[in-house]
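Asker: need a structure here:
(4 chains)
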There are 4 protein chains.
Amino acid sequence: MILEKQFINDHNKKLAAKHAASFSFLANQLEQEGHDVERIVSKIAALQIAIPSWALGNGGTRFGRFSGGGEPRTLEEKILDVGLLHAINRSSGAISLHIPWDIPSDAAAIKALAREHDLIFDAVNSNTFQDQPDQQLSYKYGSLSHTDKAIRQQAIDHNLEVIHHGKQLGSKALTVWLADGTCFPGQQNFRKAFQRTLESLKEIYTGLPDDWQMFIEYKPYEPYFYSTVIQDWGTSHLLATKLGRKAYCLVDLGHHLPNTNIEQIVAMLMMEGKLGGFHFNDSKYGDDDLTVGSIKPYQLFLIFNELVYGMEDPASVNPIPAWMIDASHNVKDPLEDLLQSVEAIKLAYAQALLVNKEELEAARENNDATQAQEILQHAYRTDVRPLIAEARKRVGAALQPLSLFRSLNVRKQLIQERGHKTVSTGL
Amino acid sequence: MILEKQFINDHNKKLAAKHAASFSFLANQLEQEGHDVERIVSKIAALQIAIPSWALGNGGTRFGRFSGGGEPRTLEEKILDVGLLHAINRSSGAISLHIPWDIPSDAAAIKALAREHDLIFDAVNSNTFQDQPDQQLSYKYGSLSHTDKAIRQQAIDHNLEVIHHGKQLGSKALTVWLADGTCFPGQQNFRKAFQRTLESLKEIYTGLPDDWQMFIEYKPYEPYFYSTVIQDWGTSHLLATKLGRKAYCLVDLGHHLPNTNIEQIVAMLMMEGKLGGFHFNDSKYGDDDLTVGSIKPYQLFLIFNELVYGMEDPASVNPIPAWMIDASHNVKDPLEDLLQSVEAIKLAYAQALLVNKEELEAARENNDATQAQEILQHAYRTDVRPLIAEARKRVGAALQPLSLFRSLNVRKQLIQERGHKTVSTGL
Amino acid sequence: MILEKQFINDHNKKLAAKHAASFSFLANQLEQEGHDVERIVSKIAALQIAIPSWALGNGGTRFGRFSGGGEPRTLEEKILDVGLLHAINRSSGAISLHIPWDIPSDAAAIKALAREHDLIFDAVNSNTFQDQPDQQLSYKYGSLSHTDKAIRQQAIDHNLEVIHHGKQLGSKALTVWLADGTCFPGQQNFRKAFQRTLESLKEIYTGLPDDWQMFIEYKPYEPYFYSTVIQDWGTSHLLATKLGRKAYCLVDLGHHLPNTNIEQIVAMLMMEGKLGGFHFNDSKYGDDDLTVGSIKPYQLFLIFNELVYGMEDPASVNPIPAWMIDASHNVKDPLEDLLQSVEAIKLAYAQALLVNKEELEAARENNDATQAQEILQHAYRTDVRPLIAEARKRVGAALQPLSLFRSLNVRKQLIQERGHKTVSTGL
Amino acid sequence: MILEKQFINDHNKKLAAKHAASFSFLANQLEQEGHDVERIVSKIAALQIAIPSWALGNGGTRFGRFSGGGEPRTLEEKILDVGLLHAINRSSGAISLHIPWDIPSDAAAIKALAREHDLIFDAVNSNTFQDQPDQQLSYKYGSLSHTDKAIRQQAIDHNLEVIHHGKQLGSKALTVWLADGTCFPGQQNFRKAFQRTLESLKEIYTGLPDDWQMFIEYKPYEPYFYSTVIQDWGTSHLLATKLGRKAYCLVDLGHHLPNTNIEQIVAMLMMEGKLGGFHFNDSKYGDDDLTVGSIKPYQLFLIFNELVYGMEDPASVNPIPAWMIDASHNVKDPLEDLLQSVEAIKLAYAQALLVNKEELEAARENNDATQAQEILQHAYRTDVRPLIAEARKRVGAALQPLSLFRSLNVRKQLIQERGHKTVSTGL
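Answerer: Take a look at the predicted model:
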């Protein structure tokens, strides 16, 4: 489904007056506080969040999956869906492919289609946590860390193939989420598993183009429930350091034990110049993969506070991380969920941009915890929605993306086009 | 230290114009959304949060305590401190006494002093988790649940004495936080400990005046690290049910295992008409007793959403709960911490009042999770600070309590009056 | 595959001498400590653990499933598998059916087949957490708690149908695991969801034969990740109390928040006469459904210590709970996993039987935590494997079930019979 | 109190026959399994666990402390207490001093006293988490990471002084537990705090004798409840790597978030040659500091399995870690608690020594999780108490330390000597 520009214009026109009043009131307030509102709006407008190709259909749990309707049936339809999101919010201008769920058989055509929708290809993702129907050797007991060299080689080759696909599409990074782990004490020799993983990653690293990055994800548990080879940022960082300058850590918000101080991990990794990628979602218990900002919006803000600090630090040795949403839409319309997620990310980013860094550093120097909290919460409590809306308006996006999406009956149309019981490839 | 009315007037005058603009803009916006702003402001103004007598000094941990200066040395000074808070924010009009840390030797005089400061006496708290210097029998292995009847009797008598003090001051509730528990598997017979506790509570209940309430607190661990006799709301509810209509459960936000859905517990208890008391604080790991709203402000809002629902439900069988802050101020000025905590509570309350209940129920009926989230987050993202400020202005409180507190150099004066190394009784 | 008696005899003969020496040494030691070894061995031999019909194939996670080979393709084959287990260990003499995965189309034949293998039918399980292919209305947004009466009715009818099937097979209990819950704050009205659930359960309860029990399971999260209607034992207990004497709580070891003191919950429920069912498994993070005793064997022992206390208490008002294994076999042979699980349960049971209750109660009366720990750990540290083996020997089971299973190449035979890529119905 | 050798002899004589029977039965069994029992017994006998000087009195919580009687009042009495433990179990031949709680004013005399009791001085511990009465600058807002250079210098100087004391006593390691952290988001600049800490540690490192080691402890929270500068092994490892070859990580079992796989961390650190120290205790919720092995004995065994693997690996680059008990005795007699803790450590060590490494590695190579579990649990389920007892017997220790301790009425004597209400310095 293609969104005609006119729909956005009509939508924006209807909301224009109210928005203008809100924005101008807020902008005025912020200017009085010393903020450069124009600069902030530009930054917000510029932030692009990649959408993974597997996030366009309904996800499920081990207890089953309730499908929605109108899910994309092909890679082309997935690109159309991301294109639609991007047309609405102008903030989702990148797609992150998952191989082998979405192999671009005709790369040139796929690339052209993406370009039509103003989309680029972000990091490509390999998958060695599932067996594919035609696969020779099984990953049941691991892939890059497997005891059997032949299986490791198969997983290495798969990653090299993913790089190959990514090169054709213009990607510049490979994300390795290594699910390998164990369900029972004793099942694996921790040290040997680490060494085999390092060895495998080295072979992939060798095949990585010089202008590419490799992102190494970590996770404490699931799909295995006793140990994971790359269980935490410390292990990921150890691997990235041993591999070299093109290797980075990837933080997925849901991949932490209860109560982890994630913002501190973000700060440490950026300090070391090793934060490469970021997967957004939210969770209450484990890797729940809920809509970004739906459970702990303040934590999201605190994390963005570190990200902004790291990105704006002139002495920073860290590249701008690759942002992606990584959620599972079990009870919401996937496109609505993604619109809400992008909105939450932008809100947190805008709030972080409003933090008065000089005053904050001064409060910190004085160990004035009360004042430091006031400064952060002043930014957080500010209703920055007019800023986000303004940023969208300026780049031709909808003032209120979700509201437009609903008023256009997008899902109904998609169901008409694609049917009621389609199942998108992926989770 | 007595706050002269003039200070507040001057403070408010300086901020009047800016506040008026913000409030009028927000009020206008809310009226357009169909809200009765006057009614909301009145409700916010009416909410009073009790301050416990032990929260006016610096707290510590098992690793030690770093004192601040100017801590109140007597009950009288504690009342002065709460009076000062109340003068500033007109929202802390109640004090919750802890016996034996703060025994009112001359109850009439204490009551008069409190009245001078417009303070009433909220729930009184017993303490059977510590041994007092002159105490005959030790609570090392429990109190109301102890294996030794004599020790149970001592603890029962103490609770009856606390009721006695409370009656003299006009309190209408007794809070029982029973810390009793064990550090090692096997140490205690769970069932007998429960039965002995029930028996002891029955004796206290018998001594409870008919117009009083008894609040039964629960906590999973600390100060004992294997089991607690009243470990969760289920156990507290079992006891309250067995005791009778005057017995209620008390929820302390920090007394839950990681990831507990506290708002659901609140909803269940109000549904059953058994939520009697509420202790506010915030935490990241355990019973951290941090400033309210400093870690998980969205959760606080969700909890208030249930509280407001329960309080405004015409069919409700639940009394208005007794609100209290229960925090430990380890690195902040206690009075500043309390001002921030009251502010956070009022913000969450105001946000909850803004939730459009009809639309929310409609979305729920349709299982429209996206819309339900939009409705809640619309209220939550609204910057309600002007509403709180307006509510304060109308009752003669400061527009910006913390800012006034700092500009008056209150702590400096308290240190001059009371000294640098005073240690307040309590935690 | 039918296990010929001769195999067990041969196996036991080979191990007889070594076992006799171990058993006699241990028995002698225990007799000296005052234990009635014969009585203990009889009790161990008598304990039967039901096997659920879904546990005979490989389970998976939301990220996929790696099948093993030789999985049972029909209910008949499942009964054969349980029969095989029971032939080997004489401790798995019951099967717990899950409807609609395993609908007995010819109940008389199924019952006869089970009888052949000395199996009875334990609690029957309903399933309203998945949509079946032919199902009219979807459970995506709940079943017994759904906002739509028609969907609730469908779920009620399903439960009544499950009772119907159970009656034909001789079951005496219905297990209701209500997965209903939400993924997002606001999605559901907690109180209404509870009331609707209660109403639905009442209708099912009405259809429950008078000599049946209803088990109400609780779980904090998964498959929904913000709230579950029956989130904890307190909620389950509230429902069971409101329903009546035939309603009981069911404890699944994996259905608790991190660090929960489960043994205390068990004690409370037995004290109240409301512990009806028990699902065994083990876990490190969430509902990991690992082999019983593979992660926290000491906790398992502590739980059995409460179970034994509750069962042997002459004043107990609690019925003997229905025991069942509820695990997911992702990386092990399901039958081997079940053999290990039953073994772990029996070990914990035997250890609990060895606890010197008089001495323990004496230590508790004296608050002698050191001694209480010594008493428990003395029982726990005792190597009770010879007791378990002896109990098996006496009822014609194998001395070492797993070792026999492996030596007979059972899995290889099952694969030959059933094929490599069979997928058992269920998880 | 000095334990006369004769008491041990009498005690052992009484138990000799029973022990001999048990040991010989077990030894025979183990020999049949291919174990070299003599070698195992020697290893067990050789393992020495240091006792920290603060663990000889009762600990408490932030809610208070219940003292026991007869606590040591001086460093000399603490040495006597450790000497007594060592006389009883011959496994506690080292004492770990905490400065400034236990400053050896006359080092030569203290050293001589220790030598009399066959004790050496293990790692010395600095304390910058408390203010001492005479201290110039406060550590309320940090020490080695403080924003104020003067406070950092004070903390550095203190650590250098600790090294000085340690040198005089023959210690060879400094343990730095840096409690520095924050209670509120925003309070601290994470990156600057890390850099200041690194800088401070470098200065201390410069003062570290060449044959010394520096142990860097990590902890996620407490005494601060939002962040800790050295929050996890990743941060500790980063610091240790940046510091140099003398710097190592220290693992305290209680210093992890819920559900952490600690054994994997141990494996990783030993693989990297960076595991320097080990603090034993047990816990259910946080840093509960309970008796070793009282809550999760199987986890303790799994950790020892990694430690033994790392220590016996001929290619290991890791030194033998410094072992210490670090517990808080709130409801037990401290000496009894320590006897139980040492026993639990030795049991876990013995069980780990019984693991058949060749078979385990073979099972791992085959991804045979069932068999790997069988191998581990076979070792774990073996009742190894006769091995520990035998190891003690051979070096002149008591067969049953706790039982001897109780029969000698040691505590009663200590109370007579030292009084009822003594309070030992420390926690």
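Asker: For chain B, what is the nearest residue in the stretch 151-300 of chain A?
Answerer: Going by Cβ to the nearest Cβ, chain B is nearest to A:Pro258 of the stretch 151-300 of chain A, at 4.2 Å. Where you see a C-beta, it was placed from the backbone N, CA and C, and this is true even at glycine.
Asker: in what helix or strand does that residue lie?
Answerer: Assigned by DSSP states H and E, A:Pro258 falls within no helix or strand.
Asker: which SSE is A:Ile214 in?
Answerer: Slight slip there: residue A:214 is Met, not Ile. If you go by DSSP H and E, A:Met214 is part of strand A:213-217.
Asker: partners of that strand in the sheet?
Answerer: Using DSSP bridges, strand A:213-217 pairs in its sheet with strand A:173-176 (parallel), strand A:247-252 (parallel).
Asker: Of all these, which one is nearest C:Ala109?
Answerer: Ranking these by their distance to C:Ala109 (criterion: Cβ to Cβ) puts strand A:247-252 first, at 51.0 Å.
Asker: can you list contacts of that closest one?
Answerer: With contact meaning Cβ atoms under 8 Å, 6 or more residues apart in numbering or on different chains, strand A:247-252 is reached by A:175, A:177, A:201, A:205, A:213-219, A:233, A:236-237, A:239-241, A:262, A:265-266, A:269, A:274-279, A:281, A:287, A:319, A:326.
Asker: List, one by one, the residues from chain A near chain B.
Answerer: For chain A, the residues in contact with chain B (Cβ under 8 Å from any Cβ of the partner chain) are A:22, A:25, A:29, A:258-259, A:261, A:284-285, A:291, A:293-299, A:331-333, A:336-337, A:340, A:347, A:367, A:369-370, A:373-374, A:377, A:380-383, A:385, A:402.
Asker: For chain A, give me the ranges with low pLDDT.
Answerer: A:1, A:425-427 (pLDDT under 70).
Asker: can we see that at 80?
Answerer: A:1-2, A:421-427 (pLDDT under 80).
Asker: where along it do the strands fall?
Answerer: Under the criterion DSSP state E, chain A contains strands at A:50-52, A:94-96, A:120-121, A:124-125, A:173-176, A:181-182, A:213-217, A:227-228, A:247-252, A:275-280, A:322-325.
Asker: can you pull out the helices in the stretch 151-300 of chain A?
Answerer: Under the criterion DSSP state H, counting those that start in this stretch, the stretch 151-300 of chain A carries helices at the ranges A:190-206, A:233-243, A:262-271, A:297-312.
Asker: any idea how far A:Leu56 is from the residue nearest to A:Gly70 when sequence neighbours are not counted?
Answerer: In space, and not counting its chain neighbours, A:Gly70 is closest to A:Leu414: 3.0 Å by Cβ to Cβ, 6 or more residues apart in numbering or on different chains. Remark: distance between A:Leu414 and A:Leu56 (Cβ to Cβ, to the nearest Å) = 10 Å.
Asker: list residues touching both of the two?
Answerer: With Cβ under 8 Å, 6+ apart as the test, A:Leu414 and A:Leu56 both reach A:Glu71.
Asker: Does A:Ile44 touch A:Leu353 like I think?
Answerer: Yes: if you go by Cβ atoms under 8 Å, A:Ile44 and A:Leu353 touch, sitting 7.4 Å apart.
Asker: Can you list phi and psi of the residue of the stretch 151-300 of chain A closest to chain B for me?
Answerer: phi -50, psi 130 (degrees, to the nearest 10).
Asker: Pick out the residue in chain A sitting closest to chain D.
Answerer: A:Gly234 (2.6 Å).
Asker: Give me the spatial nearest neighbour of that residue, chain neighbours excluded.
Answerer: Spatial nearest neighbour of A:Gly234, chain neighbours left out: D:Gly234 (2.6 Å); criterion: Cβ to Cβ, 6+ apart.
Asker: Wait, that neighbour touches A:Ala240, no?
Answerer: No: in this structure, D:Gly234 is not within contact of A:Ala240 by Cβ under 8 Å, at 11.7 Å.
Asker: Stretch A:137-151 and chain C in contact?
Answerer: Yes: counting by Cβ under 8 Å from any Cβ, chain C is contacted by stretch A:137-151 at A:Ser138, A:Tyr139, A:Lys140, A:Tyr141.
Asker: Give me the contacts around that stretch.
Answerer: Residues outside stretch A:137-151 that contact it (Cβ under 8 Å, 6+ apart): A:128-131, A:152, A:154-156, A:159, A:176, A:178-181, A:188, A:192-194, A:196-197, A:200-201, A:229, C:66, C:331, D:364-367.
Asker: coming back round to it: please tabulate the strands of chain A in a markdown table and include distance to C:Ile88 and mean neighbour count as additional columns.
Answerer: Below are the strands of chain A laid out as a markdown table (distance: least, Cβ to Cβ, whole Å; neighbours: other Cβ atoms under 10 Å in any protein chain shown):
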| stretch | distance to C:Ile88 | mean neighbour count |
| --- | --- | --- |
| strand A:50-52 | 47 | 28 |
| strand A:94-96 | 50 | 27 |
| strand A:120-121 | 55 | 20 |
| strand A:124-125 | 45 | 26 |
| strand A:173-176 | 43 | 26 |
| strand A:181-182 | 26 | 26 |
| strand A:213-217 | 42 | 24 |
| strand A:227-228 | 30 | 24 |
| strand A:247-252 | 44 | 26 |
| strand A:275-280 | 46 | 26 |
| strand A:322-325 | 50 | 24 |
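Asker: wait, which of those strands is closest to D:Ile303?
Answerer: strand A:227-228 (13.0 Å).
Asker: one step back: and the contacts of stretch A:137-151, which are buried?
Answerer: Among the contacts of stretch A:137-151, those buried by neighbour count (16 or more other Cβ atoms under 10 Å in any protein chain shown) are A:128-131, A:152, A:154-156, A:159, A:176, A:178-181, A:188, A:192-194, A:196-197, A:200-201, A:229, C:66, C:331, D:364, D:367.
Asker: Output stretch A:352-365 as PDB, nothing but the C-alphas.
Answerer: The C-alpha trace of stretch A:352-365 is given here as PDB (Å, rounded to 0.1, in the frame of the first residue of the first chain):
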ATOM      1  CA  ALA A 352      17.900  13.700  26.600                       C
ATOM      2  CA  LEU A 353      18.800  16.600  24.300                       C
ATOM      3  CA  LEU A 354      17.000  18.900  26.800                       C
ATOM      4  CA  VAL A 355      19.200  17.900  29.700                       C
ATOM      5  CA  ASN A 356      21.300  20.800  30.700                       C
ATOM      6  CA  LYS A 357      24.700  19.200  30.600                       C
ATOM      7  CA  GLU A 358      26.700  22.000  32.200                       C
ATOM      8  CA  GLU A 359      24.400  22.300  35.200                       C
ATOM      9  CA  LEU A 360      24.300  18.500  35.400                       C
ATOM     10  CA  GLU A 361      28.100  18.300  35.500                       C
ATOM     11  CA  ALA A 362      28.200  21.000  38.100                       C
ATOM     12  CA  ALA A 363      25.700  19.200  40.300                       C
ATOM     13  CA  ARG A 364      27.800  16.100  39.900                       C
ATOM     14  CA  GLU A 365      31.000  17.800  40.800                       C
END
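Asker: How much space separates the residue nearest to A:Gly70 from C:Asp81?
Answerer: Shown here: A:Leu414 relative to C:Asp81, a distance of 44 Å by Cβ to Cβ.
Asker: Of the two, give the one with the bigger neighbour count.
Answerer: C:Asp81 (28 against 23; other Cβ atoms under 10 Å in any protein chain shown).
Asker: Perfect, that will be all.
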